[in-house]
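Chemist: 3D model of this:
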Amino acid sequence: MVLNTLLANELTAVNQNMIHSDMCENWRTITEKAIQETRKKWRN
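Modeler: Numbers count the residues shown, from 1 in each chain. Coordinates of the predicted model:
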């Protein structure tokens, strides 16, 4: 019973880390695109 709880907690932590990693990657991509678009508009 204790082992199952420990394993479930560990798997939950791993999944949360993977989700946060994906969110950070997407956030960087969105931010970079926004910066590029802003720079293009300021140049014109």
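Chemist: all contacts plus neighbour counts: C-alpha atoms, from now on.
Modeler: Fine.
Chemist: so where is the chain shaky, pLDDT-wise?
Modeler: Across the chain, the ranges flagged by pLDDT under 70 are 44.
Chemist: How far off centre is stretch 18-26?
Modeler: In terms of CA atoms, centre = their mean, to the nearest Å, the gap separating the centre of stretch 18-26 from the centre of its chain is 2 Å.
Chemist: can you check stretch 5-22 too?
Modeler: Per CA atoms, centre = their mean, the displacement of stretch 5-22 from the mean C-alpha position of its chain is 14 Å.
Chemist: Kindly report the same for stretch 10-30.
Modeler: Averaged over its C-alpha atoms, stretch 10-30 has a centre that lies 4 Å from its chain's centre (CA atoms, centre = their mean).
Chemist: now stretch 24-40
Modeler: 14 Å.
Chemist: Output that stretch as CSV, restricted to C-alpha atoms.
Modeler: The C-alpha atoms that make up stretch 24-40 are tabulated as CSV, following Å, rounded to 0.1, in the frame of the first residue of the first chain:
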residue,chain,number,x,y,z
CYS,A,24,7.9,26.8,-20.9
GLU,A,25,8.9,25.7,-24.4
ASN,A,26,5.6,27.0,-25.9
TRP,A,27,5.9,30.2,-23.8
ARG,A,28,9.4,30.9,-25.2
THR,A,29,8.2,30.3,-28.8
ILE,A,30,5.2,32.6,-28.3
THR,A,31,7.3,35.3,-26.7
GLU,A,32,10.0,35.1,-29.4
LYS,A,33,7.4,35.5,-32.2
ALA,A,34,5.8,38.4,-30.4
ILE,A,35,9.2,40.2,-30.1
GLN,A,36,9.9,39.5,-33.8
GLU,A,37,6.6,40.9,-34.9
THR,A,38,7.1,44.0,-32.7
ARG,A,39,10.5,44.6,-34.2
LYS,A,40,9.1,44.3,-37.8
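Chemist: What residues of it count as buried?
Modeler: Residues of stretch 24-40 classed as buried: none (neighbour count, 16 or more other CA atoms under 10 Å).
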